[in-house]
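Chemist: predicted coordinates and the sequence they were generated for:
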Amino acid sequence: MDTLADLERVAFKPGDFLFVEGEQSYFFMMIEEGEVEILLKDPTDPRKEITVAQIGPGQPIGEFALVVNKPRSATARAKTAGSAIKISKEGYDHLL
């Protein structure tokens with residue numbers, strides 16, 4: 001098992017999307033630095049978004065899609081510059 005091969009450091013700047021609601025992707029992230037907002041589409045106006053959480057250093061994002069094996073239920077967008085450790089599905093399985 002090569003756990004380090006399952007990890008990738010990702011830098012982001014304000015406005016970058018880390019993942020988008022509805023996409024099928026198989027990774028999660030641990031925020032190292034910066035802030036990320038979690039957004040849902042507004043059910044009354046799909047062109048608008050509702051911020052449901054703000055995530056900071058030491059917090060995970062995106063793990064729910066791995067657990068339920070379904071498309072992303074929310075969008076993650078960088079609020080500030082920062083970095084995260086991206087952990088693949090295989091890495092997640094190794095951690096379990």
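Modeler: Received, thanks.
Chemist: mind listing the helices for the chain?
Modeler: For the chain, applying DSSP state H gives helices covering 63-68, 89-95.
Chemist: show me what the shortest one is packed against.
Modeler: This means helix 63-68. strand 27-33, helix 89-95 (3 or more C-beta pairs under 8 Å, 6 or more residues apart in numbering; DSSP states H and E). For glycine as for every other residue, the C-beta is placed from the backbone atoms N, C-alpha and C.
Chemist: make JSON lines out of those and add mean pLDDT.
Modeler: Conversion of the helices and strands packed on helix 63-68 to JSON lines gives the following (pLDDT from 0 to 100):
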{"stretch": "strand 27-33", "mean pLDDT": "95"}
{"stretch": "helix 89-95", "mean pLDDT": "78"}
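Chemist: so for residue 75, which of these sits nearest?
Modeler: For the helices and strands packed on helix 63-68, proximity to residue 75 was assessed by C-beta to C-beta; strand 27-33 is nearest, at 13.3 Å.
Chemist: could I get the CA-only coordinates of that closest one as PDB?
Modeler: These are the backbone C-alpha positions of strand 27-33, laid out as PDB (Å, rounded to 0.1, in the frame of the first residue of the first chain):
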ATOM      1  CA  PHE A  27     -12.000  12.100  -3.900                       C
ATOM      2  CA  PHE A  28     -12.300  14.200  -0.800                       C
ATOM      3  CA  MET A  29     -10.100  17.000   0.600                       C
ATOM      4  CA  MET A  30      -8.600  18.100   3.900                       C
ATOM      5  CA  ILE A  31      -8.200  21.900   3.900                       C
ATOM      6  CA  GLU A  32      -4.700  23.000   4.900                       C
ATOM      7  CA  GLU A  33      -5.000  26.800   4.500                       C
END
